[in-house]
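Asks: sequence unknown, structure follows:
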């Protein structure tokens, strides 16, 4: 009996050792007719999620597919391509980078090799160039899953606040109001579908992110444009497909609260530590990572208000 148990234990151990390492599965879910979204994890970048902790959009037209953001690596871009093939036989002819964060554009090299035209706002160019090395350094957590990734800039940069495209008969409007999370953040508006892909202008279900290049002032300018258009459906940069009211509650209102509190603290000469501790985060306590990340947001917003 003991020998049998030992044999079984060895068999189980062998089976566990032979199990494949967990990998992210990319699946595009329908949003409306001809429009799809991959909803990424709301955690940070990990080996298991392959840096695909953000949402990716897909618009299918009679003349080709439009991809909104290309993923974080060359290998994850290949996974995105394979997921597209399960939805449509149309090739990816256009890629729109909604901003300069890694998961928005580091998959560009894969799609450039496939012949796609890749677009971003002109303001994103210098940000992409400046932070590409830092992105790759941060993504070393992906180990061999980062192999093949070479930062590849878009081959078309759009200028100004509003760019109207007609791709395969589908009207796509690129709207820029000064960025926010990154300098080049813009939204992708599909007026015929009443759907907007917001990129990192909107976070739901989890706390938004502030990084050294973020500006809460311009972020709110970008959000004001969403308020004005009032799309029926929002595909946020992070979190589940949502609506304007939820985006207001979980992104806009948090940004406004941070700025209001920290401006008063700076004007009153309140110490940064006291200002951070006194920020009322209770309305946002239900968002993922709130306990850890909101104090960081408060700290960064205080410093931004000092600079203003």
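Replies: Everything's here; your move. This is a predicted model, so every value here is computed, not measured.

Asks: what's around residue 151, how many residues?
Replies: 16 (other Cβ atoms under 10 Å). Where you see a C-beta, it was placed from the backbone N, CA and C, and this is true even at glycine.

Asks: Show me the strands in this structure, by range?
Replies: 29-32, 35-38, 56-61, 64-68, 92-96, 117-121, 156-158, 162-167, 170-175, 187-190, 195-203, 233-238 (DSSP state E).

Asks: Contact partners for residue 188?
Replies: Neighbouring residues of residue 188 by Cβ atoms under 8 Å, 6 or more residues apart in numbering: 57, 68, 96, 98, 172-175, 196-197, 199.

Asks: I'd like those as JSON lines, with distance to residue 211 and pLDDT appended.
Replies: Formatted as JSON lines, the contacts of residue 188 follow (distance: Cβ to Cβ, whole Å; pLDDT from 0 to 100):
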{"residue": "57", "distance to residue 211": "22", "pLDDT": "98"}
{"residue": "68", "distance to residue 211": "21", "pLDDT": "98"}
{"residue": "96", "distance to residue 211": "21", "pLDDT": "98"}
{"residue": "98", "distance to residue 211": "16", "pLDDT": "98"}
{"residue": "172", "distance to residue 211": "27", "pLDDT": "98"}
{"residue": "173", "distance to residue 211": "27", "pLDDT": "98"}
{"residue": "174", "distance to residue 211": "22", "pLDDT": "98"}
{"residue": "175", "distance to residue 211": "22", "pLDDT": "98"}
{"residue": "196", "distance to residue 211": "23", "pLDDT": "99"}
{"residue": "197", "distance to residue 211": "21", "pLDDT": "98"}
{"residue": "199", "distance to residue 211": "14", "pLDDT": "98"}
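
Asks: Now restrict those residues to buried residues only.
Replies: Among the contacts of residue 188, those buried by neighbour count (16 or more other Cβ atoms under 10 Å) are 57, 68, 96, 98, 172-175, 196-197, 199.

Asks: quick one: which of those is nearest to residue 307?
Replies: The shortest gap between residue 307 and any of the buried ones among the contacts of residue 188 belongs to residue 199, at 24.3 Å (Cβ to Cβ).

Asks: residue contacts, residue 244?
Replies: Counting by Cβ under 8 Å, 6+ apart, the residues that residue 244 touches are 226-227, 230-231, 234.

Asks: And the helices in the stretch 151-300 of the chain?
Replies: Assigned by DSSP state H, counting those that start in this stretch, the stretch 151-300 of the chain shows helices spanning 216-229, 244-247, 253-268, 272-278, 290-307.

Asks: JSON lines for the ones you listed, including mean pLDDT and distance to residue 179?
Replies: JSON lines is the format used below for the helices of the stretch 151-300 of the chain (pLDDT from 0 to 100; distance: least, Cβ to Cβ, whole Å):
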{"stretch": "helix 216-229", "mean pLDDT": "98", "distance to residue 179": "5"}
{"stretch": "helix 244-247", "mean pLDDT": "98", "distance to residue 179": "17"}
{"stretch": "helix 253-268", "mean pLDDT": "98", "distance to residue 179": "13"}
{"stretch": "helix 272-278", "mean pLDDT": "98", "distance to residue 179": "25"}
{"stretch": "helix 290-307", "mean pLDDT": "97", "distance to residue 179": "14"}
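
Asks: Can you tell me which of the ones you listed is nearest to residue 141?
Replies: helix 290-307 (18.0 Å).

Asks: Between the contacts of residue 188, which sits nearest residue 296?
Replies: residue 199 (21.1 Å).

Asks: I'd like to know how far that closest one sits from residue 35.
Replies: 15 Å (Cβ to Cβ, to the nearest Å).

Asks: Kindly report the same for residue 61.
Replies: 10 Å.

Asks: So for those two, which sits in the more crowded spot?
Replies: Set residue 61 next to residue 35 and count neighbours by other Cβ under 10 Å: residue 35 wins out with 23 against 18.

Asks: Would you mind measuring from that one to residue 252?
Replies: 24 Å.

Asks: ok, now residue 46?
Replies: Distance, residue 46 to residue 252, by Cβ to Cβ: 29 Å.

Asks: ok, the closest residue in space to residue 151 that isn't next to it in sequence - how many residues close by?
Replies: Nearest residue to residue 151 in three dimensions, chain neighbours excluded: residue 132, at 3.8 Å (Cβ to Cβ, 6 or more residues apart in numbering). Residue 132: 18 surrounding residues under other Cβ under 10 Å.

Asks: and if you look at the one 4 residues further on?
Replies: Counted with other Cβ under 10 Å, the burial measure for residue 136 works out to 17 neighbours.

Asks: Alright, calling it a day.
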